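K.L.:
Next comes the sequence, and after it the predicted model I'd like to discuss.
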Amino acid sequence: LGGLFAWSIDSDTGDILNAMNESLLGGDSTPVDPVVTNHAPIASSADQNVSGPATVTLDGSASSDPDADAITYKWTQVSGPSVTINNSTKAKATFNVAAATTDQTMTFRLTVTDAKGLSNAIDVQVVNKAPKANQAPVLNPMEAITLESGETYALHAQAADPDGDALTYAWSVPADMHATGTDSANVNITAPEVSSTSTYTLSVVVSDGKTSVQSNVQVTVNPKAAPAPVPADEDTNPVDDV
């Protein structure tokens, strides 16, 4: 039987009174602490597209540590047009980009380190997109119309923008023609009073804020038709022949 034994001897006779295995009874053995394994932190960030001029935020705040240790951050640039990184040792860092004439790709590395020195890194890409060339709105031509003096009519400018830009409308109407809604796609006009057939030209300008297009429409106005003559009343009291 292995272990550490303690002996008790009778002082008068010298007999061994008892023996005790201290290892079986617990003794004073020193406890051993369990081994704790440290795990490296996890770096987390995302790619993004921007369009300069702009301030870009590099966001590593989703990074974490499996052991719940505090972590430090370090942002560095790996490739692409050189920029100055602000707050490079923070979870969120920033830098500025100017407008680009062609797409520019930049790569940044986020390294996170825990209190015990283990680290992990991730690379993210930021693309500074060059603006696309603006495309002008498309405005369908309008057919000529013919009205009578005093008649009202609704004209509609049918337009669309290939880039999805918001459009504005501006109608130009002759001074003697009444119109409402001249700043919208639909304009209501009232033909003026004329004594003879007259021709007017209306125009609409459609703009996307960068480029504009124009279309004209011809309006012919005829005078009101003369009212039909009222037949003369027949003489209800004829004079008798003498």
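P.N.:
Arrived safely. Numbers count the residues shown, from 1 in each chain.

K.L.:
Please make it C-alpha for all contacts and neighbour counts, starting now.
P.N.:
Fine.

K.L.:
residue ranges with poor pLDDT in the protein?
P.N.:
Low-confidence segments of the chain, defined by pLDDT under 70, span residues 1-33, 232-242.

K.L.:
Show me how it divides into domains.
P.N.:
1-28, 48-128, 138-222 (automatic domain parsing).

K.L.:
Quick one: closest of those to Val36.
P.N.:
Closest approach to Val36 among the domains of the chain (CA to CA): domain 48-128, 10.3 Å.

K.L.:
Endpoints of that closest one, how far apart?
P.N.:
9 Å (CA to CA, to the nearest Å).

K.L.:
what does stretch 185-201 give?
P.N.:
Where stretch 185-201 begins and where it ends lie 17 Å apart, using CA to CA.

K.L.:
gap between it and the chain center?
P.N.:
45 Å (CA atoms, centre = their mean, to the nearest Å).

K.L.:
same deal with stretch 88-100?
P.N.:
19 Å.

K.L.:
And the contacts of it?
P.N.:
For stretch 88-100, the external contacting residues (CA atoms under 8 Å, 6 or more residues apart in numbering) are 51-61, 72-76, 83-87, 128-131.

K.L.:
Quickly note the distance from the closest residue to Asn140 other than its chain neighbours to Asn186.
P.N.:
Leaving out its chain neighbours, the residue that sits closest to Asn140 by CA to CA, 6 or more residues apart in numbering is Gln158, at 5.7 Å. For Gln158, the distance to Asn186 (CA to CA) stands at 9 Å.

K.L.:
Neighbour count: the two, which is higher?
P.N.:
A direct count of neighbours by other CA atoms under 10 Å for Gln158 and Asn186 places Asn186 higher, at 16 against 13.

K.L.:
and the helix or strand Trp75 falls within, which strands flank it?
P.N.:
Here Trp75 sits within strand 71-79, counting by DSSP states H and E. With DSSP bridges as the test, strand 71-79 is paired with strand 104-114 (antiparallel).

K.L.:
List the buried residues in the partner strand.
P.N.:
Across strand 104-114, burial judged by 16 or more other CA atoms under 10 Å covers Gln104, Met106, Thr107, Phe108, Arg109, Leu110, Thr111, Val112, Thr113, Asp114.

K.L.:
List the contacts of that strand.
P.N.:
Strand 104-114 is contacted from outside by 40-45, 60, 63, 65, 69-81, 119-130, using CA under 8 Å, 6+ apart.

K.L.:
After it, which helix or strand is next? Please name it.
P.N.:
That would be, after strand 104-114 and using DSSP H and E, strand 119-128.

K.L.:
give me the number of residues near the residue lying closest to Leu118 once chain neighbours are set aside?
P.N.:
Distances taken as CA to CA, 6+ apart put Ala40 closest to Leu118, at 5.1 Å, once the chain neighbours are dropped. Residues near Ala40, counting by other CA under 10 Å, number 21.

K.L.:
cool, and Ser184?
P.N.:
Neighbours of Ser184 (other CA under 10 Å): 16.

K.L.:
again with the one 3 residues further on
P.N.:
Each residue near Val187 was counted by other CA under 10 Å, and the total is 20.

K.L.:
Provide the partner residues of it in its beta bridges.
P.N.:
Leu155.

K.L.:
For it, give its distance to Thr201.
P.N.:
14 Å.

K.L.:
hang on, the earlier thing: of all the domains of the chain, which lies closest to Pro34?
P.N.:
domain 48-128 (15.8 Å).

K.L.:
still on that earlier bit, show me the contacts for the residue nearest to Asn140.
P.N.:
Leu139, Asn140, Ala185 are the contacts of Gln158 under CA under 8 Å, 6+ apart.

K.L.:
Please give me every residue in contact with the second one.
P.N.:
If I follow you right, that is Asn140. By CA under 8 Å, 6+ apart, the contact set of Asn140 is Ala157, Gln158, Ala159, Ser215.
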